[in-house]
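Trainee: would you be able to build a 3D model of this:
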Amino acid sequence: MSISSNSIVLEGHRNFRLRLILATLSGKSVKIIKIRSNDLNPGLKDHEVSFLRLLESVTNGSHIEISYTGTTIIYRPGIIIGGEVTHNCPHSKPVGYFIQPMLMLAPFSKKKFSIVFKGITNAGDETGVDAIKWGLLPIMEKFGVRDCLLHVLKRGSLPEGGGEVHLLCNSLIPTPLTIHAIDIPKFSVIRGVAYCTRVSPSIANRMIDAARDVLKPTGCEVNITADVWRGENSGKSPGFGITLVAESKKGWRLVVENVGQAKSLPEDLGELTALQLMTEITQSGAIGRYQLIISLIFMVIGKEDIGRINIHKSEVDDHLIYALRDIKEIFGSEAFLAQDEEDPDFMILSLKGSGFTNVSKKVA
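Mentor: Modelled structure (predicted):
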């Protein structure tokens, strides 16, 4: 990686959305080269092009150049303006793929964000709308973003979709708060939602019963609701899934979700998700895997102060390392990892804020 012609040059398609979000927040131009250059189908995929269109619609003055082969892109960011947008998501990715990065931009916009996303609401390869609602929005509250809502207007299961989700962010802040989450939370309540579209309502209850059987010995209060969708609001395809959330008294949450595949049984899905939640509780600090990247973004654009979060050693994986590299490349902030003195299985991740201020709001 090098810097040429005032653009930060990055390589490959990994962390595509994160790099563009970091560039937008920092105001720095990026050039991403060798995007799937060795693949049989080189260049940008349809969902990445769709994301670029979305980014263009919520910013003013952004300039995007894509090479003839689609393997190189130059992005010069403009000002985040937000406003009312309707975005049709391709069926290759669920709406969560597009909502997640928008959560990182929405609080630092000129106008309030009001985006309606149309497409698939839950899929196994990306964060679903329930996990965003239960897991990411509460984390944003910790950083001072208090009024951000996600409404599921229609459910849309794989493969045809037909779902609609409304993201509304009324909280415009100049700078995120500095976070110090170094204590491992004790979880007292397990909540969740089991949904189904265009199938028998009993499927949701079967998932709930299976999950409750696994979670009963924990001694936690278990409250899982059935979310049955019928008629026009249930999308175009049959499907089901379950999202479970462990919640502490101080408002920290860990999320696990699964979507039913072809020939999978609701009981197996409920049991698997409950077991995964237990694993997630054991192998997470204050911040879970789902929430780690958004936490790092808010930490790096915070005040010039050092924020700290407690993470489990198993959370230090390729995904985290690549994200920290991109943060260092674009913002120049380097994370420091130190072993927790009280428990060798946990680490304290420290990251200094860059002193970001909401330029878009000043212009308003």
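Trainee: contact partners for the residue lying closest to Lys142 once chain neighbours are set aside?
Mentor: In this structure, Lys142 finds its nearest non-sequential neighbour in Ile179, 5.9 Å apart by Cβ to Cβ, 6 or more residues apart in numbering. To be clear about C-beta, it is placed using only N, CA and C from the backbone, and glycine gets the same treatment. Going by Cβ atoms under 8 Å, 6 or more residues apart in numbering, Ile179 touches 142-143, 295, 298-299, 302, 307-309.
Trainee: out of those, which sit inside helices?
Mentor: 142, 295, 298-299 (DSSP state H).
Trainee: given the one helix or strand Arg191 maps to, what are its sheet partners and their directions?
Mentor: With elements taken from DSSP states H and E, the one containing Arg191 is strand 187-197. Here strand 187-197 is paired, per DSSP bridges, with strand 221-229 (parallel), strand 239-248 (antiparallel).
Trainee: which residues touch Ile224?
Mentor: 190-194, 208, 211-212, 242, 244.
Trainee: so Ile132 sits in a helix?
Mentor: Yes. Under DSSP: H, G, I helix; E, B strand; the rest coil, Ile132 sits within a helix.
Trainee: Asp326 versus that one, what's the distance?
Mentor: For Ile132, the distance to Asp326 (Cβ to Cβ, to the nearest Å) stands at 22 Å.
Trainee: how about Leu150?
Mentor: 26 Å.
Trainee: cool, and Ser114?
Mentor: Ser114 is 29 Å from Asp326, by Cβ to Cβ.
Trainee: equivalent analysis for Asn233, please.
Mentor: Distance from Asn233 to Asp326, by Cβ to Cβ: 39 Å.
Trainee: higher neighbour count, those two?
Mentor: Neighbour totals were compared for Asn233 and Asp326, and Asp326 leads with 22 against 15 (other Cβ atoms under 10 Å).
Trainee: host element of that one?
Mentor: helix 318-331.
Trainee: now do that helix: everything it contacts.
Mentor: 1, 8, 10, 14-15, 18-19, 22-23, 26, 28, 30, 292-293, 296-297, 300-301, 333-335, 351, 354.
Trainee: now the buried members of those.
Mentor: Applying 16 or more other Cβ atoms under 10 Å to the contacts of helix 318-331, the neighbour count classes 8, 10, 14-15, 18-19, 22-23, 26, 28, 30, 292-293, 296-297, 300-301, 333, 335, 351, 354 as buried.
Trainee: any stretches of the chain with poor pLDDT?
Mentor: Confidence mapping of the chain against pLDDT under 70 gives the ranges 1-5, 359-364.
Trainee: in stretch 37-46, what's buried?
Mentor: 43-45.
Trainee: pull the residues that contact that stretch.
Mentor: 13, 35-36, 52, 66-67, 69-71, 73, 90, 92.
Trainee: tell me the buried residues in stretch 252-260?
Mentor: In stretch 252-260, counting by 16+ other Cβ under 10 Å, buried: 252-260.
Trainee: for stretch 271-278, same thing?
Mentor: Going by 16+ other Cβ under 10 Å, stretch 271-278 has these buried residues: 271-274, 277-278.
Trainee: same check, this time on stretch 74-91
Mentor: 74-82, 87, 89-90.
Trainee: also stretch 48-67?
Mentor: Result for stretch 48-67 [16+ other Cβ under 10 Å]: buried residues 48-52, 54-55, 57-59, 62, 66.
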